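Visitor: model this:
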Amino acid sequence: MRIALVCPYAWDEPGGVQVQVRGLAERLRERGHEVLVLAPAGRRPSEPWVMGIGWTVSLPYGRTRAPISPWLGTRRRVREALTAFAPDVVHVHEPFAPSASMFAIGAGPPVVATFHSGIDRSLLYDAAAPALRRMARRIVVRVAVSERAAAVARRRLGGTYVVIPNGVDVARFARAEPAELGDGRKLLFVGRLHARKGFAVAVAAFSSLAAQRGDLRLVVAGEGGEASALHRLPDAIRGRVRMLGTVPNPELPPIHAACDVFLAPNTGGESFGVVLTEAMAAGLPVVASDIPGFDEVVTAGVDGLLVPPGDADALAGAVGTLLDEPETVARLAGNARLRAASADWPVVVDRVEEVYARAARAGAPLR
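Guide: Prediction:
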């Protein structure tokens, strides 16, 4: 099958959607499909099967920023590339981000659209909903990465959604050799350092735990403005924080393997939480916020612990329990590995291929 995957965000910038599109493309190619990825890019993509189709501008969205390409020139290049490639199906991600994905809808071939966002509040999205509903009729199959993402899309657009989770390379996380990160027990935070990811909450929890546990360290894979939260730590405790900067996803497994507890104190707006699934695949016990999206990945007390969002004391208490109870860690980690298996890439790609076949049979809808 000839498949065009369309990503709305800059290919050369970090982001969960980019990771998912790249992972899906690689595995579809392994199965013998012809794949072309279209995405905005600041520089020429290194993969020969990826075409950069426009420069980007970073716009605010959901307390973060989205690197999109909303230009008419991008629309023209998307349409030209699809005409030249002549795919059997077009799979757009985040279809109503005003960028490459939106421009691919209605270009001719049947369209599958995956909705990733769990952000329920967007004045611009709400205002545009009537027009987007009309455009959504051109989508043959709608996919959501979670029930949360489906609910967010359904509220604005209506329709029915197939829930297929984000994919994770379970083996890569499960079999990784530990990175050399020094002595002591380590808490791991992975993600952009801004308010929605709860980094300041993680720092506050670490501060209270580290004051009583001299061997405890905090490892941080990410960058962002909330790194300033570290300035509130006493000097001695601040020296026990290891800042790794932005770490490409393929380089994360050894870091997980070297750590003891995974922190995900996000405050809201999450649709799935692939960072949780990756940690679970690595056998790391997870302490996460009890928010929509995350509660579909972690079952409290079964394969991880959930705490109220924004509550540093509750986060510290749950982490302390894991540090003190190795038998609890072993039970949660074992269940977590089983949970992660449901998002393993072979399982996910099987389901995506079924959706493609369904879309190809249905053909492109009438405008």
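Visitor: neighbours around Ala128, how many?
Guide: 15 (other Cβ atoms under 10 Å). Yep, even glycine has a C-beta here, placed from its N, CA and C like the rest.
Visitor: my guess is it is in a helix, correct?
Guide: Yes - the assignment for Ala128 by DSSP: H, G, I helix; E, B strand; the rest coil puts it in a helix.
Visitor: how much space between it and Pro292?
Guide: Per Cβ to Cβ, to the nearest Å, Ala128 is found 23 Å from Pro292.
Visitor: where are the low-confidence patches of the stretch 1-150 of the chain?
Guide: Along the stretch 1-150 of the chain, segments meeting pLDDT under 70 span 60-64, 120-127.
Visitor: Would you map the helices across the stretch 1-150 of the chain?
Guide: Counting by DSSP state H, counting those that start in this stretch, the segments of the stretch 1-150 of the chain that form helices are 16-30, 72-85, 100-104, 123-136, 147-157.
Visitor: How about the stretch 251-367 of the chain?
Guide: Using DSSP H, counting those that start in this stretch, helices in the stretch 251-367 of the chain cover 253-257, 274-281, 312-324, 326-341, 345-362.
Visitor: one step back: can you add distance to Ala340 and give the helices of the stretch 1-150 of the chain back as CSV?
Guide: Shown next, in CSV, are these (distance: least, Cβ to Cβ, whole Å):
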stretch, distance to Ala340
helix 16-30, 15
helix 72-85, 34
helix 100-104, 28
helix 123-136, 31
helix 147-157, 18
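Visitor: winner for burial among the ones you listed?
Guide: Mean neighbour count (mean count of other Cβ atoms under 10 Å) peaks for helix 100-104 among the helices of the stretch 1-150 of the chain, with a mean of 27.
Visitor: Tell me the helices and strands packed up against it.
Guide: Helix 100-104 sits against strand 2-6, strand 34-39, helix 72-85, strand 89-93, with contacts defined as 3 or more Cβ pairs under 8 Å, 6 or more residues apart in numbering; DSSP states H and E.
Visitor: The last one - contacts with which helices or strands?
Guide: Applying 3+ Cβ pairs under 8 Å, 6+ apart, one finds that strand 89-93 makes contact with strand 2-6, helix 16-30, helix 100-104, strand 111-115, helix 345-362.
Visitor: closest one to Ala312 among these?
Guide: helix 16-30 (24.8 Å; Cβ to Cβ).
Visitor: about what we covered before: closest to Asp260 out of the helices of the stretch 1-150 of the chain?
Guide: Of the helices of the stretch 1-150 of the chain, nearest to Asp260 by Cβ to Cβ is helix 16-30, at 24.2 Å.
Visitor: How far off centre is the closest one?
Guide: Here helix 16-30 shows a centroid-to-chain-centroid distance of 12 Å under the convention Cα atoms, centre = their mean, to the nearest Å.
Visitor: List the contacts of that helix.
Guide: For helix 16-30, contacts defined as Cβ atoms under 8 Å, 6 or more residues apart in numbering pick out 3, 5, 7-11, 35, 37, 39, 47, 49-50, 91, 93-94, 116, 166-167, 169, 249, 274, 345-346, 348-349, 352.
Visitor: among those, which ones are buried?
Guide: 3, 5, 7-11, 35, 37, 39, 50, 91, 93-94, 116, 166-167, 169, 249, 274, 345, 348-349, 352 (16 or more other Cβ atoms under 10 Å).
Visitor: Name all residues that make contact with Asp313.
Guide: Asp313 makes contact with 205, 208 under the criterion Cβ under 8 Å, 6+ apart.
Visitor: Using neighbour counts, pick out the buried residues of stretch 319-334.
Guide: Across stretch 319-334, burial judged by 16+ other Cβ under 10 Å covers 319-320, 322-323, 329, 332-333.
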